[in-house]
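In: I'll drop the sequence and a predicted model, then ask my questions.
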Amino acid sequence: MENLIALLVAAPLVGAALLLCGGKRLDRTGHLIGSLFAVASFAIGVALFADLLGRGAEDRTLHQYLFSWIQVGGFRADAAFQLDQLSMTFVLLITGVGSLIHIYSIGYMEHDERRRRFFGYLNLFLAAMLLLVLADNYLLLYVGWEGVGLASYLLIGFWQHKPSAATAAKKAFLVNRVGDMGLSIAIMLMFTTFGTFAFGPVLAATGETSEGKLTAIGLMLLLAACGKSAQVPLQSWLGDAMEGPTPVSALIHAATMVTAGVYLITRSGAIFNAAPDAQVAVVAVGAVTLLFGAIVGCAKDDIKKALAGSTMSQIGYMILAAGLGPIGYAFAIMHLVTHGFFKAGLFLGAGSVMHGMNDEVDMRRYGGLRTYMPVTFITFGLGYLAIIGFPGLSGFFSKDKIIEAAFAKGGTEGWILGGAALLGAAITAFYMTRVMLMTFFGEKRWDPDTTHPHESPKVMTIPMIVLAVGSVFAGGLFSVNETFVKWLEPVTSFEHGHSPVSATTVTAATMVVLVLGVGLAWAMYGRRPVPATAPRGSLLTRAARRDLLQDDFNHVVLVRGGEHLTRTLVYLDHSLVDGAVNGTAASMGGLSGRLRKLQSGFVRSYAVQMLGGAAVLIAATLLMRGV
Amino acid sequence: MSSVASVHSLWTVAAEVPGRIPAPHIEYAQLSPTLIVLGAAVIGILVETVLPRSSRYYAQLALSVVALAAAFAAVIGLAAGGFGSSKARIAAMGAIAVDGPALFLQGTILLVSLVAVFTFAERRLDPAAHGKKVDSFAAQAAAVPGGAAEQAAVKAGFTTTEVFPIALFAIGGMLIFPSANDLLMLFVALEVFSLPLYILCALARRQRLLSQEAAVKYFLLGAFSSAFLLFGIALLYGYAGTVTYAGIAEVVSDGAKQIDPALAGTMGNDALLLIGAALVLMGLLFKVGAVPFHMWTPDVYQGAPTPVTGFMAAATKVAAFGALLRLLYVVLPGMRWDWRPVMWGVAIVTMLGGAIVAITQTDIKRLLAYSSIAHAGFILAGVIATSEDGISSVLFYLGAYSFVTLGAFAVVTLVRDAGGEATHLSKWAGLGRRSPLVAAVFAVFLLAFAGIPLTSGFAGKFAVFKAAAQSGAGWLVVIGVISSAIAAFFYIRVIVLMFFSEPKADGPTVAVPSPLTTTAIAIGVAVTLVLGLAPQYFLDLAGQAGVFIR
Amino acid sequence: MSFPLLTATAAVPAIGAIATAAVPAAKRTAAKWLALAFSLVTFALALVIAFRFVPGAKGPYQLTESHAWIRDFGVRYELGVDGIAVALIALTALLIPFVILAGWHDADPLEETAAPDSGSAAGNRRNSWRPTQGFFALILAVEAMVILSFEATDVFLFYIFFEAMLIPMYFLIGGFGDRAHVHGEEQAATQRSYAAVKFLLYNLVGGLIMLAAVIGLYAVTADQLGTGTFSLQQIVEARAAGKLELGTGTERLLFLGFFFAFAVKAPLWPLHTWLPNAMGEATAPVAVLITAVVDKVGTFAMLRFCLQLFPGASRWATPAILVLALISIVYGALLAVGQRDIKRLIAYASISHFGFIILGIFAMTTQGQSGATLYMVNHGISTAALMLVAGFLISRRGSRLIADYGGVQKVAPVLAGTFLVGGLATLSLPGLAPFVSEFLVLVGTFSRYPVIGIIATLGIVLAALYVLVLYQRTMTGPVKAEVRSMPDLRVRELVVVAPLIALLLFLGVYPKPLTDIVNPAVGHTLSVVDKKDPKPAVQVDAVPGGARHGHAAPDQDVEAAK
Amino acid sequence: MNPVYYLYLAALLFTIGGAGVLIRRNAIVVFMCIELMLNACNLAFVTFSRMHGNLDGQIIAFFTMVVAAAEVVVGLAIIVSIFRTRHTASVDDASLMKL
């Protein structure tokens, strides 16, 4: 059975190879081939899942060893896979949602002449992402890690003729590279500390070494996670990443890739458990980001950017949970999965809306669309309810647990984190309601002559429906006598947090803030008509529209500064480094020119010089005898 | 004046009528190379007087070639006979040494001269005057340039076939120079090969003003320096009471203790020794063209007819360095610690000076002149080594260098425009595109000068520097390396000019030479490459020849 | 005496050079095919070497040949290969055919191939002097000399070819410039010869200083061993046996003499300025020849000669060299970002990469040096891919300025795609060959000098920056008018690029064949330098999934403290 | 009288000759100065031979005279030819080649 694991990765990889090297002859059938391979790997995933379920809770870890990849001295990296409950979960999410989105894209990208390549890239992404979650050592994980980065680069910049898209793609890749730096340093640290970087040995040996080293490793891993999961301070790329086609946003920048950071931290749980300081950093990042994302989400009028903000914030929740240690890992992953469903659903909904509104993204140009695209409305609505944590839907279960766990952290820390989480919940409710209202309710703000909103074709709606179903029931399903937690426990080691406030209280509080958030939103966007052009807004709003100025900071300090630095260096290289050499050459020439003058052409001057020479010669000889 | 009496007694003693003077005993066999060449020269003069003009050229050419070949054969014979090593001896009443270095250098000189004679005899490069083929020498040297007499001479198709015997005389002198074993012989040999060279310099067919000027400069400075040499000899004679190398060396080494105290003022007086040695050295350094006695080199090289320049640059250097080696290794080893530092200095300024000044030269012949100065510096580095390796490396370097030089100047004779040879560098622009072969050959010579591996230049340079380094002159090597880096710059400049710059519209043409020059150049290239790729055999030769007899 | 395989491998291209040069002027195409054939035969021979080579075998060198050459200089014609040499010979022999193919038309008279750029017609006529035969002959000559310098185990022999290869390179750079010049042929010619002279003088000065050191080495050996020798093996053994004892000062001076030459060739900051000019002015294939093949001799020589001849001095100089390498990495990358000329950008990128190589060499760890060796190979391939595609691009538009391009991706997707892959290899994306080597170098450095290792990782971010900026500016965005009619890659060009990319992928996924032959050689080098890898703080067996507890081991390596 | 004085005289003559070479313009005069230097050498030789009591010096003196004579032949020939072309015997005019 293990041997299927490689197939899992291979299938989409083959698909990608076919589509990218196949050339024009595959243009007509490309999308089908792509989807086929995605579904195939999903099927394999299900098969493996069944196999795992068939085993006892303890031996649900499969290994597949392919070949020794790099072996130099003590440095050894294998091409080997490890499939356990954690990676299984991801596999199902990735392939499942992935397949749905492949299908959805068939419709969404119908009119794009480069659809074949699009599917090639999607397959490439699947392969890389699967490699990421299936690797059995950090270096192989790193390959997947950068692989998804590449795929996201290609997909964000898919519409390359748009300079904005190309720039966004470049930005995403660069910011991720900063994160990757963290990952590679972490791996080096592991190697110098443990002499290996395979999950098994490293995680088993954490007890053997100093906390300081572990903290260092942890922080580096966190940096990597920040880059990939768009956490503060490396979150700036996610907003621009919305330049990509919407299915991409749904798959990569909502459901799967951006959650890789959560996977990394959860996977490295043993390290973090042994390094409390690193954990503090993690929760801090999580808390900050969940608020940051939420606030940004409130201010955006671009539906996708609003959703992107929400994604940021939701992942903030996951990171926060992961930072809490054993009490949180399971919930982090659980929220990750449910989020995978409803956020993908929301994005697909948004995509379908844009599809109907000829690619208009400004919510201020929407309004009252529910009648025009009912399916989209309903699926989007369900996703909405799920994300705000409406009782009974997925979000309710997963998010609630995280808030509880946050309180359970204990001490003032617990109160702060819990508070932040609650506040985040409130804001989430607010901005999602805002999105909902601005898009589907209120009066039409679009020009009826130019735009004719219409429901999307089945090939697009069906995936949306499936995801909606998922976002409604997944949470509940998982929570029934802690199925999900139990499933993950062998990997992530679970323990019940002891919250200072009872679970019911937390739930109640969540409900309250939820109502507050919705109510406020309704008060602002439901009762009053939404102005078609954005009002100036408060200082905070304006800041939020500009991603809380963090991006501007980057621009001024890094981009501008960098430009100046390089320009100076180019100048110095020419004038100083090169100049030094040319200078010596020139001075040589000058010296030569001056010495030439001695050759005056007059015999008598020559004679004089000879005489002088003779004198010097004699003097020197005598001198030598003298000394 | 306490010593007056004793001095007077000396006087009376000296005044006694000497007994019968013994007839000198001459080993003709061992002197045969020199004798053959000089004899041929004399015959050459007779040829000039006897034969009709028309047939002189061929007669002279044949005569000199045969003579040189025969002389070379004689040298080989002597070497084979072991005179180079085991049977090495002093010949002609102590006047001439027949030993390894002498034979090696004589062999080199003879070969070089043979090749040079080919270039002398080239008659295809200059456009035929009035249907008569002409070489690169004046129709009638005595006639005023541009005067009626010259016109007539040219019309009559006169050619200065005297150059052959004159050159032979010079060669004869050069053969004696490195083997001279007493100072008198040294001086005489010097003059014997200098005077003909002075004349040869004045014989250019084109640009005769420059040619004559070169001759004047060379003559005056040459005579000036030889006066110094002679005075140095006088002082050494005064110091040692003899002019034979062995005698002087003896006095130098054991400080002349057994000398009559009456003469303490002069005999064994170190001042005499040092000043005399310095002056003699100066005379030789002048011939070598070492800074600061190099002033004549660029002017003379530029003005003299190019074949002569090549001959001088190659053969003179060989002979002069030979003499220098013998002087330093046979006469003055006793005062090594005095002259080594001085020669260090000379070597350094010569290497650097030659290289640096060459950078800004604009005339190819002057450029080569300065490069020859720089090379003199490199060779001096080997001379200073004062070891057997030093001698053999210098011998090898001389052999390698002389052929490269000869070849280079031979190529220079080919590049011509209306005014004869086009020696200004700007004229050479784009030569590589007009006639790639000639340019490539010249590039080979330049690379050899620059000491690029796989050329004779590199092998020679390595040998010399190696000897220097082993004798503890490490820093000299470093400076030598630096200056050869500087030198590389201007050799490369010429290559760039030839290959990478656009040819001028009024650029020079490359004349098609007769087999003579072709062979000369071919031999040059061949030697350059052979000594670069497989130098071992010749290094062995030089190594075996690396011992002086005293 | 078995068949002299190494000599043959070098002789074939040498003969090929002569043969090609001898082809009559009219038969231009014949010359090309001839050159290609010879280069392919060479490649075949290189493969034979690779297979005949036994990684585990005893003794540092294999397939050795040894003949007397210049006794007086203590020089022998000694050839022999270790794993490192095999890898690099294979690289060289592999790249040359592609170089020839890529430069197929670079040396044609302009009349025939109407160059896309409208350089003044007059310029074209004057520039019609481009003997194709010479071009390919020179390339083969370079190949022969490079291969010999990889094979030579005699310092002097190495030096000779190290120096001699400058001449053909010089003519390649100065004689066959890039036709893409905005300011007309006149200025291009001057810039070209400037670049050529700069290249030659830099390397010649380096070489001459090395010559002094070589002579010094001879003096020392002659002084202590009786007869001077240049045989690397002999010297190393003599040192080990304590028969040869260079004084500390002498050793350091000699080391510096050698290292200077190699640092110029490599090139290492601040001796790098010749490279951008040379690569900028030369045709793309020649640029590849410079950076992918010839420069490798420098780094290779550091590994083979600097370290093994002067272990003490190497250890002494390590800190300084590491800092310089670090500067090269960051500096080169930053300047690459600042370039406006595609080829100069790639040149500066190469400077950054050479920084990595030198870093790896002097980190003195197994990972570092194996990584460095792999890096030489991978960088060769990746740069070749990138530079050659760039060359195709430039030859289409007739300009080297990044600003003159835009939106190429739309009109020539295949070209853009290959360009991107080359770029990704340059920024060492995992899955492509350069990643393996770069990571090894970083780990190797980090495990001994953590701080330097961390700073070096900055390089990977900057690499992403200059590659992506280049790609964005040239390939994406709205289609420029001049680009609109640009044809996609032709078959010949695909034949050049595809194999390189395939190789990059293969070596990225499965570098084992390479590491297997390289590791023993590196082990030998380190044993000569007498350095051991730092031990990890915790000892755990690296069996995948083997989750067993390890025992703590104290840090044994003092270096690790630094 | 002490022969050393002859040496001083020789040195003096030699110096005078050298100075003449440096000072005088006329080629003939310069040349005569060189001859003077040679003769100074001769004086030195003779003196030394006198002091050493052997004849080498005197013989050398004869050789020197011969050589000097030869030099005169060559030298005058050259100088005359250049005089005829330039109608001046000033050595300073012969300075076409320089630098």
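Out: Cool, got the structure.

In: CA only for contacts and neighbour counts going forward, please
Out: Noted.

In: what about the closest residue to chain D within the stretch 351-500 of chain B, how many neighbours?
Out: Residue nearest to chain D within the stretch 351-500 of chain B: B:Gln361 (8.0 Å; Cα to the nearest Cα). Per other Cα atoms under 10 Å in any protein chain shown, the neighbour tally for B:Gln361 reads 21.

In: Name the SS class of it, please.
Out: What DSSP: H, G, I helix; E, B strand; the rest coil gives for B:Gln361 is coil.

In: so it touches B:Leu367, yeah?
Out: Yes: contact criterion Cα atoms under 8 Å: B:Gln361 and B:Leu367 qualify, at 5.6 Å.

In: Return the distance of whatever residue of the stretch 251-400 of chain C ends up closest to chain B relative to C:Thr299.
Out: Relative to chain B, the nearest point of the stretch 251-400 of chain C is C:Gly257 (10.3 Å; Cα to the nearest Cα). Distance, C:Gly257 to C:Thr299, using Cα to Cα, to the nearest Å: 15 Å.

In: quick one, which of those two is more surrounded?
Out: Between C:Gly257 and C:Thr299, C:Thr299 has the larger neighbour count (other Cα under 10 Å), namely 26 against 22.

In: biggest helix in chain D, by residue count?
Out: Assignment by DSSP state H gives helix D:56-86 as the longest helix of chain D.

In: Quickly check: that one near chain B or not.
Out: Yes: Helix D:56-86 is in contact with chain B by Cα under 8 Å from any Cα of the partner chain, via D:56-57, D:60, D:63, D:67, D:71, D:74-75, D:78-79, D:81-82, D:84-85.

In: who in chain B is up against chain C?
Out: Contacts of chain B with chain C, taken as Cα under 8 Å from any Cα, map to B:433, B:452-454, B:462-463, B:465-466, B:469-470, B:474, B:477-478, B:481-482, B:484-485, B:488-489, B:492, B:496, B:499-502, B:534-536, B:539-540.

In: Could you list which of these belong to helices?
Out: B:433, B:462-463, B:465-466, B:469-470, B:474, B:477-478, B:481-482, B:484-485, B:488-489, B:492, B:496, B:499-500, B:536, B:539-540.

In: Return the members of the residues you listed classed as buried.
Out: Among these, the ones that count as buried by 16 or more other Cα atoms under 10 Å in any protein chain shown are B:433, B:462-463, B:465-466, B:469-470, B:474, B:477-478, B:481-482, B:484-485, B:488-489, B:492, B:496, B:499-500, B:536, B:539-540.

In: Low-confidence stretches in the stretch 51-200 of chain A?
Out: Along the stretch 51-200 of chain A, no part satisfies pLDDT under 70.

In: What is the burial count for B:Thr350?
Out: Residues near B:Thr350, counting by other Cα under 10 Å: 28.

In: Now it: which helix or strand?
Out: Counting by DSSP states H and E, the element that carries B:Thr350 is helix B:336-359.

In: right, quick check: the helix or strand that that helix is followed by against chain A, any contact?
Out: Next helix or strand after helix B:336-359 toward the C-terminus (DSSP H and E): helix B:364-384. No: taking Cα under 8 Å from any Cα as the criterion, helix B:364-384 and chain A are apart, separated by no less than 10.8 Å.
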